[in-house]
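Novice: using only what follows, build the 3D model:
(chains A and B)
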Amino acid sequence: MSSAAVTTPARLGWPRWAAPVGVAVAFVAAYLLFRGTGTLPHDKEAPQFLAVTELREWIDDHRNDNPLFLYFLNYIRLFVGGLYEAFETALYALGWPGVTGVMGALAWLAGGWRIALLAVGGVSAFGVLGLWESSVDTLALVGVAVLLSLAIGVPVGVWAGLSSRVRRAITPVLDVMQIMPTFAYLAPLALFFHIGAPAGAIATMIYSIPPAIRITALAVSQVSPTAVEASASLGATRWQTLFKVRLPLARPTMALAINQTIMMALSMVVIASLISAPGLGGDIIRGLSRAQVGIMLPAGVAIVIMAVVLDRMMMAVARRDPHARPRRLDLLTAGALAAAGLALIPVLPKVWPESLTVSLVAEVNDAVRWAEDNWFTVTAWIKDTTSHLLLNPLESLLTSAPWWLVALAVLAVAWRVSGPRPALTALACLLAIALLGVWEHTMQTMTTVAVAVLVTLAVGLLLGVAAARSPRYSALQRPLLDAAQTMPAFVYLLPALALFETTRFTAIFASIIYAVPPVVRLVEDGIRAVPATVVEAAVSAGSTPGQLLWKVQLPMARRAILLAVNQGIVMTLAMVVVGGLVGAGALGYDVVAGFSQRTDFGMGFVAGVATVLLGVMLDRITQGADRRPSPRKRKFT
Amino acid sequence: MLSDGKNEEARVGDSPGNAAISVAGLWKIFGSRARKVLDSADKHLDPAALREKTGCTAAVRDVSFEVRPGEVFVVMGLSGSGKSTLVRCLTRLVEPTAGRISIGGEDVRAASPARLREIRRHQVSMVFQHFGLLPHRKVIDNVAYGLEVQGTPRAARHARAAEILTLVGLDGHADAYPDQLSGGMQQRVGLARALAVEPRVMLFDEPFSALDPLIRRDMQAEVIRLHREVGKTMVFITHDLAEALKLGERIAIMRAGAIVQLGTAEELVGAPADDYVADFVRDVPRDQVLTLRWICRAPEPGEPLDGPELPAATLIRDAIGVASASSRPIKVVAGGELAGVVDRVDLLSFLSGQETVVRAGA
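Specialist: Numbers count the residues shown, from 1 in each chain, chains lettered A, B, ... in the order given. Sure thing, here's the model as predicted:
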């Protein structure tokens, strides 16, 4: 087949770049010819929006007499609400001494004294920050969401791990769920489950369930086939093999599934505050909407602490020596810790004493103001240059081009990169966006995403290659990347907001620092995965380091790099939409407006759907690339 | 060598229907259109053409053989020849596409899932190339696993497992975990696990190919010893000819899913069925495999017949010492009667690889 690929250009008599350039010229000509026609400007009162708003009014009126709600949805709501209250009541009954003791004991069992110290310190920090009650609410919400996610996700994941048919059926659903920007979950849930803690818990559960299913399925299906076969050859039944072989062998990986689920839940629980879920998110949303870093910083710190503590606990469980049993000393110490905590409940006040809290709101706000004043020239320069050189021209290009031309361009690019089927899916998504009446805002969001992705990839590739080539630099960077991946998405808005105030650029900056770590990691791992023998062979043939990189390592890491592109785009989109809270405008703003103003609900809902479609579209444009080993194969598969 | 005791045992199992395992017309075709291929003439295409045309892979093609009780039956072939699929078809770990399999007189292909489990639990057990041990269980619990799934109480199965561990020479390792043992010891655990359920038939799927040569030799000796002690019927898969010759009473050579020759080591080396087999056995030291039966000839007129006497089943190598002690031709005796003679010239020309020339000249 390689010979066919080589002879193709010769037979046609055209250089290889002729076709793409020709197509590009045709697009430019069409744009110049039709500019300004066929645009779809935004209309706040579009009939699509009004219809959804009316639907919501109707549902709110009939929430208590329609059988679907009366006999099904309301029961779910009641059940989840009851579960949340049980968690909350238990945590409040324990009070801060009890929670600290019990968390410390669990952490000790998970990973010894270091983790226990971290847990005790972390839980106390909630009190010191003056956020005890919100933290407990968040913890309860996360607890409910994770419990439900695992209760549903683990059995489904096991099933998917055992049956490739189930796996094939579930995978596309999970794919879409994972590229769905967080905002998109909220409006439909508000529609069906009203607002408040139950709706928040359900939204969080839906967001956090994909890793529970996916990683469980992976863990179960990756179990050594010989072990499974050996078990079958001795006459074990399917259930015996499942419980005696597959599940025990999958256990360490399943700890990772739980960890991922918790991390996702912590990310979402903040955003769920938009539909009035209780907890730390409320402070963050309030701080974001008032552009006051001082209000959101403590809550953000508390969320990060919670994430770090839970992450370290779960990772300690996952990494534990599988043969080790807990020693008696550990059990005793953990018991003593828990008992001490419980014994102190009646002695110490239930509420964290006021005198022990530290309030930093004013100081932080002052510091931010100082930074804004002193760095203004630098940040403003970055902001303005990017806006003038990249953002504005691209945005005017996309919004002034006729819709059909944009659609054709998307089709052409997706077809070239990913093949016909993903291309048609991408086209369908784009056309659906046009029909929904949010074309102009989508084009604006796409502009922001494009710029952010460009920067993300440039930075990510540079750092990834640097890390792959210098072990010392990699060792320096790893812990930072690890920490970055533990943090809930929202936290990234904090420094962005402090530096750039509420502008479009804030979202771009936040999405860059959000998406760079995974890109760096994928690129570095991809280059490192190039077999040592190949590198050795290239070096022994006399390659310079540069030749080694360009001719061997980067081409062989192609799949990993394309996967990094794909991931970068999806993550950037998610963050840009959330950036609607801090002045990114467009779709994100529409979604937020939909929650804050009842009359705009329809627009918010539709914008949420559009973000999903946009996510699927961008994913399809790029995803095909990483499934293809080489461009030569394209014509033959 | 194992072959010493085989004649009596072979005679016991010789009557038809008494075979430990009998396989007839077995096919395994992988692919969604396996049944269609089987019903058409396509099944006779060679593997590459078949894959090109139908997308299916024929791993086992019309294989028939019988294994006598107590025999060590070796299936030998290069990787991709279908030997591992064949052995998995025997207990339907891989579901055969067509054919008949009976183990101990019972039709395996007709067995219900429950009955099949019974067969796997009590009749046939298997040793795997990559051991297939359960890393989360101690050695003793690995060995006892087969008994555990049968529902044997803990104390009883541990007692049995401890006995078997002694038998395979793993005393004192009961509480270790598999990853704390060397490769050879891990495979001993695999062997013990297969033995613990007291099967009638043991299947070995290239059990020693992942081991170092020295350890492999130990393990082969171990299998020979176990076979002598417990007398199980064994089906042994290997890609190593030396291993096949060492262990196998009868050897089936597979190529592209079909058996190209089935016979004793002597038959394979002495009379290869085709070029493929001949190519295979070319480097085998023939004097260590062939017996006097293969080179003896009718005495020429006037040839003295008062030389030393040797049974026809004597290895040629073992006859050299006798020949160098006496200049007379050796009388080769089979069943008390003279089968022929072998003199020094015969031996030398055989050793130099020219026996045909000499025979033509004689």
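Novice: helix or strand, whichever it is, which one in chain B has the lowest mean pLDDT?
Specialist: For chain B, the helix or strand with the lowest mean confidence is helix B:6-12, at a mean of 41 (criterion: mean pLDDT, DSSP states H and E).
Novice: go on, chain A?
Specialist: Lowest mean confidence among the helices and strands of chain A (mean pLDDT, DSSP H and E): helix A:2-12, at a mean of 47.
Novice: which SSE is immediately downstream of that one?
Specialist: The first helix or strand that comes after helix A:2-12 along the chain, using DSSP states H and E, is helix A:18-34.
Novice: domain map for the chain?
Specialist: Going with chain A. Using automatic domain parsing, the domains assigned to chain A come out as A:141-296, A:383-629.
Novice: sorry, I should have been clearer: chain B.
Specialist: With automatic domain parsing as the reference, chain B has domains B:2-123+B:199-284, B:287-361.
Novice: lowest average pLDDT across these?
Specialist: Least confident of the domains of chain B, judged by mean pLDDT, is domain B:287-361 with a mean of 79.
Novice: and stretch A:127-134, average pLDDT?
Specialist: According to the model, stretch A:127-134 has a mean pLDDT of 82.
Novice: centre of the chain to that stretch, how far?
Specialist: 26 Å (Cα atoms, centre = their mean, to the nearest Å).
Novice: what's the end-to-end length of it?
Specialist: Counting by Cα to Cα, to the nearest Å, you get 10 Å between the two ends of stretch A:127-134.
Novice: how is the residue nearest the centre of chain B assigned, secondary-structure-wise?
Specialist: Centre of chain B computed as the mean C-alpha position; nearest residue by Cα atoms, centre = their mean is residue B:74, 1.4 Å away. For residue B:74, the secondary structure call by DSSP: H, G, I helix; E, B strand; the rest coil comes out as strand.
Novice: residue contacts, the closest residue to it other than its chain neighbours?
Specialist: Nearest non-adjacent residue to residue B:74, counting by Cβ to Cβ, 6 or more residues apart in numbering or on different chains: residue B:248, 3.2 Å away. Where you see a C-beta, it was placed from the backbone N, CA and C, and this is true even at glycine. Remark: with contacts taken as Cβ atoms under 8 Å, 6 or more residues apart in numbering or on different chains, residue B:248 is in contact with B:2, B:72-74, B:76, B:236, B:265.
Novice: as a quick check, tell me the outermost residue of chain B.
Specialist: Relative to the average C-alpha location in chain B, and by Cα atoms, centre = their mean, no residue lies farther out than residue B:302, which sits at 44.9 Å.
Novice: roughly how far does it sit from chain A?
Specialist: Separation of residue B:302 from chain A (Cβ to the nearest Cβ, to the nearest Å) stands at 64 Å.
Novice: which strand residues bridge residue B:237?
Specialist: In this structure, residue B:237 bridges to residue B:75, residue B:205 when assessed by DSSP bridges.
Novice: pull the distance from the host helix or strand of residue A:555 to the chain's centre.
Specialist: Under DSSP H and E, the secondary-structure element containing residue A:555 is helix A:554-556. Helix A:554-556 sits 27 Å away from the centroid of its parent chain (Cα atoms, centre = their mean).
Novice: repeat for stretch B:45-60
Specialist: 27 Å.
Novice: gap between whichever residue of the stretch 301-450 of chain A sits closest to chain B and residue B:179?
Specialist: Of the residues in the stretch 301-450 of chain A, the one nearest chain B is residue A:323, at a distance of 5.2 Å by Cβ to the nearest Cβ. Residue A:323 sits 9 Å away from residue B:179, taking Cβ to Cβ, to the nearest Å as the criterion.
Novice: please apply the same query to residue A:373.
Specialist: Here the criterion is Cβ to Cβ. By it, residue A:373 lies 61 Å from residue B:179.
Novice: before we move on, the earlier item: the residue farthest from the centre of chain B looks like it's in a helix, true?
Specialist: No. The assignment for residue B:302, made by three-state DSSP, is coil rather than a helix.
Novice: about what we covered before: out of the domains of chain A, which gets nearest to residue B:224?
Specialist: Shortest separation from residue B:224 across the domains of chain A is recorded for domain A:141-296, at 22.9 Å, computed as Cβ to Cβ.
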